[in-house]
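Visitor: my questions are about this predicted structure, shown below with the sequence.
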Amino acid sequence: EAQVTQNPRYLITVTGKKLTVTCSQNMNHEYMSWYRQDPGLGLRQIYYSMNVEVTDKGDVPEGYKVSRKEKRNFPLILESPSPNQTSLYFCASSSPLRGTEQFFGPGTRLTVL
Amino acid sequence: AQSVAQPEDQVNVAEGNPLTVKCTYSVSGNPYLFWYVQYPNRGLQFLLKYITGDNLVKGSYGFEAEFNKSQTSFHLKKPSALVSDSALYFCAVMFPSGSARQLTFGSGTQLTVLP
């Protein structure tokens, strides 16, 4: 089954404790992206990657890091989480063809105390 | 800068009635437009998209959307709503040029279909 998986699905942590949210896709997609969803704001892009070792900032990159060492994986790293990073996070992937739809993971609900 | 507006936070409609979820956009050039649906505790699912051609596009679950360039709108419609259509709907626009595949999302519209 073609899918995007994220782990963990739920995470409660404390300020300053480094964490990583993993994302993996099995569709051989070149493009991957991370979004955060906040009430009333829709989804906002954090980082994206056009291919292995190619990453770039989205609209809200502050406080986040990413890496793309393999085509299928695109982890999101919070080096020092803060309460304002409490949110619902989605990973997505798509082919590089312009105009193709993105496939989304199930989401990771993060709470930073 | 491109932007997307969904003017209604909440839309309520009776089962069997037609539904419309509104979306307007602001972007230079010819945009690519998308609708996604989010059910509770799930990720976003693609419904339909407009790239070029016929202004009326049909998508999953009986939904359709009409691209109106003069009004810069892309409203989502369904002739007869089902209770199972109740969900959060997002409109999104993509840059028509350049290498990025960035989607800019609207703030979402919660659709409730009443039995």
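Guide: Here it is on my side, so go on.
Visitor: how about the residues of chain A near chain B?
Guide: Taking C-beta under 8 Å from any C-beta of the partner chain, the part of chain A that reaches chain B is made up of A:4, A:31, A:33, A:35, A:40-45, A:48, A:50, A:56, A:58, A:90, A:92, A:94, A:96, A:98-107. The C-beta positions use only the backbone N, C-alpha and C, and glycine is treated the same way.
Visitor: show me what the longest strand anywhere in chain A is packed against.
Guide: Secondary structure of chain A per DSSP state E: the longest strand is strand A:42-51. With contacts taken as 3 or more C-beta pairs under 8 Å, 6 or more residues apart in numbering or on different chains; DSSP states H and E, strand A:42-51 sits against strand A:31-38, strand A:54-57, strand A:65-66, strand B:87-94, strand B:103-105.
Visitor: what residues sit buried inside that strand?
Guide: A:42-50 (16 or more other C-beta atoms under 10 Å in any protein chain shown).
Visitor: quick one, grab the pLDDT at residue 70.
Guide: Here I'm looking at chain A. At A:Glu70, the model reports a pLDDT of 96.
Visitor: look at chain B instead
Guide: 90.
Visitor: that one and A:Ser67, how far apart?
Guide: 44 Å (C-beta to C-beta, to the nearest Å).
Visitor: the more surrounded of these two?
Guide: Neighbours were tallied for B:Ser70 and for A:Ser67 using other C-beta atoms under 10 Å in any protein chain shown; the higher tally belongs to A:Ser67 (15 against 5).
Visitor: that one: what's its closest spatial neighbour, skipping adjacent residues?
Guide: A:Pro75 (6.1 Å; C-beta to C-beta, 6 or more residues apart in numbering or on different chains).
Visitor: then B:Gly43?
Guide: Nearest one to B:Gly43, counting by C-beta to C-beta, 6+ apart, is A:Phe104 at 3.8 Å.
Visitor: quick check on the one you found: phi, psi?
Guide: When read as degrees, to the nearest 10, the backbone of A:Phe104 gives phi -110, psi 150.
Visitor: give me the neighbour count for it.
Guide: Using other C-beta under 10 Å, the number of residues around A:Phe104 comes to 24.
Visitor: do I have it right that it meets B:Gln45?
Guide: Yes. Using C-beta atoms under 8 Å as the test, A:Phe104 is close enough to B:Gln45 to be in contact (7.4 Å).
Visitor: and the worst-scoring helix or strand of chain B on mean pLDDT with chain A, contact?
Guide: Of all helical and strand segments in chain B, the minimum by mean pLDDT, DSSP states H and E falls on strand B:103-105, at a mean of 89. Yes. Strand B:103-105 comes into contact with chain A (C-beta under 8 Å from any C-beta), by way of B:103, B:105.
Visitor: and that strand, how far from the chain's centre?
Guide: Using C-alpha atoms, centre = their mean, to the nearest Å, the mean C-alpha position of strand B:103-105 is found 11 Å from that of the whole chain.
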